[in-house]
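> when you get a sec, could you give me coordinates for this:
(one chain, ligands or ions: 1)
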Amino acid sequence: MKLLLIEDEPAVVSVITRGLAEAGYEVSVAPDGNSGLQMALNNPSFRLIILDVMLPGLNGIEVCRSLRKAQLEVPILMLTALGTTENIVMGLDSGADDYLVKPFKLQELEARIRSLLRRKTNNTDIPVVPTSPAILSLADLELDTDTKTANRQGKTIALTATEYRLLEYLLKNPRKVLSRLEILEQVWGIEFNMNTKVVDVYINYLRKKINKHNPAELIHTVVGLGYMIRENKADENTY
Ligand code: CA
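Presented below is the predicted three-dimensional model:
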């Protein structure tokens, strides 16, 4: 499925194109408003447009207005660094279908794309994602995604918002090596000035809390690669 990304920041372009390619989309990129508008007008095969607001040449609002004026009905998802109500309203008034405020998580971008594609079309080639279960668990550790609380051996573990998102991501990917960069992108969002050290810091916070009631380590360091959450083998000592 072909998508058009109109965005001038190379770092954002690289993360989005990589992430969406992994999710099975074919992404074309326009680095400014004018070329983006031309590409959108000349290629009716784009199923959705991801449009940054702050662009060289025509800005995102102007591109959006021009596309709607030309009767193009392709869904438009606007990216804005400006999360004020005024800007969001302006974006939606110009004809955008939805918006995301930067920085955002790739997961969130993908969810918005799926939802827009479902809303605008009734096609069956949209990836279907099963609704996730309310309780994620591994060994004696449980995370309730409705109440956002964790417990181990039945004892409640209080988590901060970041610790919760980190644990949720780990538990959704059990027994899989997750690199620090993947964790950073998924848990903290697209923030390029952030160091992956923050991942180590939060993994340690989480370990301390999780291991309080049972020292058997679940979050394992995979040297040189990242982290993996998995059951503790009987002969394994705490890390
Ligand atoms: Ca921009």
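> tell me what the lowest-mean-pLDDT helix or strand in the chain is packed against?
Within the chain, no helix or strand scores below helix 85-93, which has a mean of 75 by mean pLDDT, DSSP states H and E. Judged by 3 or more C-beta pairs under 8 Å, 6 or more residues apart in numbering; DSSP states H and E, helix 85-93 is in contact with helix 60-69, strand 76-80, strand 98-101. To be clear about C-beta, it is placed using only N, CA and C from the backbone, and glycine gets the same treatment.
> list the buried residues in it.
By neighbour count on 16 or more other C-beta atoms under 10 Å, the buried set for helix 85-93 is 87-88, 90-91.
> what do you get for stretch 21-30?
Buried, per 16+ other C-beta under 10 Å, within stretch 21-30: 23, 25, 27-30.
> just the endpoints, please. Distance across that stretch?
One end of stretch 21-30 to the other measures 16 Å (C-alpha to C-alpha, to the nearest Å).
> so how far is it from its chain's centroid?
15 Å (C-alpha atoms, centre = their mean, to the nearest Å).
> which residues of this protein fall in strands?
Per DSSP state E, the chain carries strands over the ranges 2-6, 26-30, 48-52, 76-80, 98-101, 135-138, 141-144, 149-152, 155-157, 219-222, 226-229.
> which stretch among the ones you listed comes nearest the ion?
Closest of those to the ion is strand 48-52, at 4.4 Å (criterion: C-beta to the ion).
> so who does M54 touch?
Counting by C-beta atoms under 8 Å, 6 or more residues apart in numbering, M54 touches 8, 60, 80-82.
> switch the cut-off to 7 Å
A81 (C-beta atoms under 7 Å, 6 or more residues apart in numbering).
> again, but for the one 10 residues further on
Under the criterion of C-beta under 7 Å, 6+ apart, the neighbours of C64 are 51, 76, 94-96.
> and for E62?
E62 touches G33, counting by C-beta under 7 Å, 6+ apart.
> pop the domain breakdown of the protein in here.
Here the domain parsing of the chain from automatic domain parsing is 2-125, 135-229.
> for the protein, what lies in contact range of the ion?
8, 52, 54 (C-beta under 5 Å from the ion).
> count the neighbours of the first one for me.
When you say that, I think you mean D8. D8: 17 surrounding residues under other C-beta atoms under 10 Å.
> in this structure it contacts V53, no?
No: look at D8 against V53 with C-beta atoms under 7 Å: they stay out of range, at 10.8 Å.
> bridge partners for D52, pull those for me.
Beta-bridge pairing of D52 under DSSP bridges involves L79.
> for the nearest residue to T156 once chain neighbours are set aside, name its beta-bridge partners.
Nearest residue to T156 in three dimensions, chain neighbours excluded: T149, at 6.1 Å (C-beta to C-beta, 6 or more residues apart in numbering). With DSSP bridges as the criterion, T149 is bridged to D144.
> T149 touches K155, doesn't it?
No: with contact defined as C-beta under 7 Å, T149 does not count as touching K155 (11.0 Å).
> and those two? which has more neighbours close in?
The residue with more neighbours, out of T149 and K155, is T149; 14 against 11, by other C-beta under 10 Å.
> nearest to A134 among the buried residues of stretch 21-30?
A23 (24.1 Å; C-beta to C-beta).
> all set now, cheers.
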